[in-house]
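1. Sequence and predicted structure below; questions after.
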Amino acid sequence: MIVGVLSDTHDSIVNLEKAIKVFKNRGVSAVIHLGDFVAPFTLRLLLDSLNVRFEGVFGNNDGERLGLVKIASLYNGILGEQPRIVPLGGRRILLAHGFGDPESTYEVVRGLVESGRWDAVFYGHTHEASIEYVRGKLLLNPGDGGGALNKPTVAIVDLTSLRARLVDL
């Protein structure tokens, strides 16, 4: 199963449309968004454009949470508070946005992946793309989907092999 992962799109329609194109071209079966959509119209564009399973968590900049949940539910997607444990493609994945400053976020997610309880831990918030393997488990931050602070990126993950790669938008 191939999954598209993004975070921190911050209503950047231009970069979201690029991400959608990447996901379509890679034939993803599911999309995971790790928070900071900001407004519901961003999620609607994503889900209108892709007919795949959707899983997500809220970020600290997601103010219209009821609207976001309503949009997700219209497409049979699930969006909730962090952390969320999602079974997908035979794997157990922990989804998070972030926890305070970037250093605190990394410390928490690193501890979560080191626990070995999940096959992968996906997080956002820091706007820093990162792929690490810790004791055979994947720790992934798809980076700055909106391009607000860094070059915009998303991730493609093959859940069978648990291999991830970053894609520039």
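-> Noted; the coordinates are in hand.
2. Contacts for the helix or strand residue 4 falls within next, please.
-> Element membership for residue 4 (DSSP states H and E) is strand 2-6. For strand 2-6, the external contacting residues (C-beta atoms under 8 Å, 6 or more residues apart in numbering) are 19, 22-23, 26-34, 52, 88-89, 122, 140, 142, 145, 154-159, 164. C-beta: built from backbone N, CA, C; applies to glycine.
3. Could you pick out the buried ones from those residues?
-> Buried residues within these, counting neighbours by 16 or more other C-beta atoms under 10 Å: 19, 22-23, 28, 30-34, 52, 88-89, 122, 140, 142, 145, 154-157, 159, 164.
4. how close does the residue of the chain most remote from its centre get to residue 110?
-> Ranking residues of the chain by C-alpha distance from their mean position (C-alpha atoms, centre = their mean) puts residue 135 at the top, at 21.7 Å. Distance from residue 135 to residue 110, counting by C-beta to C-beta, to the nearest Å: 11 Å.
5. Sort out which of the buried ones among the contacts of strand 2-6 are in helices and list them.
-> 19, 22-23 (DSSP state H).
6. Among those, pick out the one closest to residue 62, please.
-> residue 19 (17.3 Å; C-beta to C-beta).
7. pretty sure the closest one is touching residue 169, no?
-> Yes: the pair residue 19 / residue 169 is scored as a contact, 6.0 Å apart, by C-beta atoms under 8 Å.
8. Residue 43 in helix, strand or coil?
-> helix (DSSP: H, G, I helix; E, B strand; the rest coil).
9. next one: the one 3 residues further on
-> For residue 46, the reduced secondary structure class is helix; criterion used: three-state DSSP.
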